[in-house]
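S.K.: Curious how this folds, go ahead:
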Amino acid sequence: MYVSARADYALRAMLAVADAAGSTGDGGSGGGELVKAASLAESQDIPLSFLQGILLDLRRAGLLHGHRGTEGGYALTRPADQVSVGDVLRAVGGSLTSVRGLPANRAGYHGVATGLRDVWLAVDGAIALVVDRTTLADLLTDHAPTG
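M.R.: Below is the predicted model:
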């Protein structure tokens, strides 16, 4: 697994939005404040133009609501305890593990290397286990799984 700047920025932005909603991330139930893209960019030290593309991907994936206007901004679509790190990573990067630029499940080998596909799939499964059980709320309350 390679964690790109895009994935790192997306997670940092989602954590900042979740934090604005409260540590449990009231999300879609209307609590918390809307967070402006410029504020996210500044607080997380992310280039605004890069962040705007990331926010668009997160909206398309159904993880964020975007509200327009002078009082607009971004909010989670569901509570932070229902948004996993894996959800965010997949929204901005596709598959969790890639082999030569392809998702691990599309890697193909023949001959003596045939068993490599199973290794890459096991790696992908192990990564998914961690990122899919770790939520934004876990990270905000410092309860991320270790080891």
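S.K.: what's around residue 114, how many residues?
M.R.: 10 (other C-beta atoms under 10 Å). To be clear about C-beta, it is placed using only N, CA and C from the backbone, and glycine gets the same treatment.
S.K.: From residue 115, how far off is the residue nearest the centre of the chain?
M.R.: With distances taken as C-alpha atoms, centre = their mean, residue 88 lies nearest the centre of the chain, 1.8 Å away. Going from residue 88 to residue 115 by C-beta to C-beta, to the nearest Å gives 32 Å.
S.K.: What's the mean pLDDT across stretch 135-147?
M.R.: Per-residue pLDDT values over stretch 135-147 give a mean of 84.
S.K.: my read: the residue nearest to the centre of the chain touches residue 58, true?
M.R.: Yes - counting by C-beta atoms under 8 Å, residue 88 does reach residue 58; the two are 7.2 Å apart.
S.K.: list the contacts for the nearest residue to residue 61 once chain neighbours are set aside?
M.R.: Nearest non-adjacent residue to residue 61, counting by C-beta to C-beta, 6 or more residues apart in numbering: residue 91, 3.5 Å away. For residue 91, the contacting residues are 10, 57-58, 60-61, 63, by C-beta atoms under 8 Å, 6 or more residues apart in numbering.
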